[in-house]
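Novice: requesting a structural model of the entry that follows:
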Amino acid sequence: MLSRDSFPFGALLGAVAPVVFLGILYLINWLVEKLIVHQMYIKFNTLVLVSITLDLIVMRYYFVKLNFDRTGRGILFVTFVYMMLFFIFLAKR
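Specialist: Down below sits the predicted model:
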């Protein structure tokens, strides 16, 4: 199922993966904050930026390992859009 070489599939994968990564990172941060540190451990902006950056691992997998250029381009496009939105809306805080 995940071995399709198409731009829309890459765009969908590139849009969903950072959201999943952000959820996992936020959960880890919340657990560390509640159980160990009792204060905000990592800022939300940092979690968003790291989750977008982790999308590049998925992109590299499709470009290098599977040699799916169209899927990789879709992931790259959505990652670029996410980065632009991050710097427009969240980096000012």
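
Novice: state the mean pLDDT of the host helix or strand of L12.
Specialist: Here L12, judged by DSSP states H and E, is contained in helix 7-32. If you average the pLDDT over helix 7-32, you get 91.

Novice: next, the buried residues of the helix or strand just after it.
Specialist: Using DSSP H and E, the helix or strand that follows helix 7-32 in sequence is helix 44-60. Within helix 44-60, the residues scored as buried using 16 or more other CB atoms under 10 Å are L47, V48, L49, S51, I52, L54, D55, V58, M59. The way it works is simple: take the backbone N, C-alpha and C, and place the C-beta from them, glycine included.

Novice: same question, stretch 11-23
Specialist: A11, L13, G14, A15, A17, P18, F21, L22.

Novice: same check on stretch 83-93?
Specialist: By neighbour count on 16+ other CB under 10 Å, the buried set for stretch 83-93 is F86.

Novice: I'd like the distance from it to the chain centre, please.
Specialist: Offset of stretch 83-93 from its chain centre (CA atoms, centre = their mean, to the nearest Å): 14 Å.

Novice: what lies in contact with it?
Specialist: N45, V48, L49, I52 (CB atoms under 8 Å, 6 or more residues apart in numbering).

Novice: distance check, L54 against E33.
Specialist: 20 Å (CB to CB, to the nearest Å).

Novice: contacting residues for G10?
Specialist: Listed by CB under 8 Å, 6+ apart, the contact partners of G10 are Y62, F68, R70, T71, G72, R73, G74, I75, L76, F77, V78.

Novice: neighbours of the residue lying closest to it once chain neighbours are set aside, how many?
Specialist: Counting by CB to CB, 6 or more residues apart in numbering, the nearest residue to G10 once its immediate chain neighbours are dropped is G74, at 2.2 Å. Look at G74: counted by other CB atoms under 10 Å, it has 24 neighbours.
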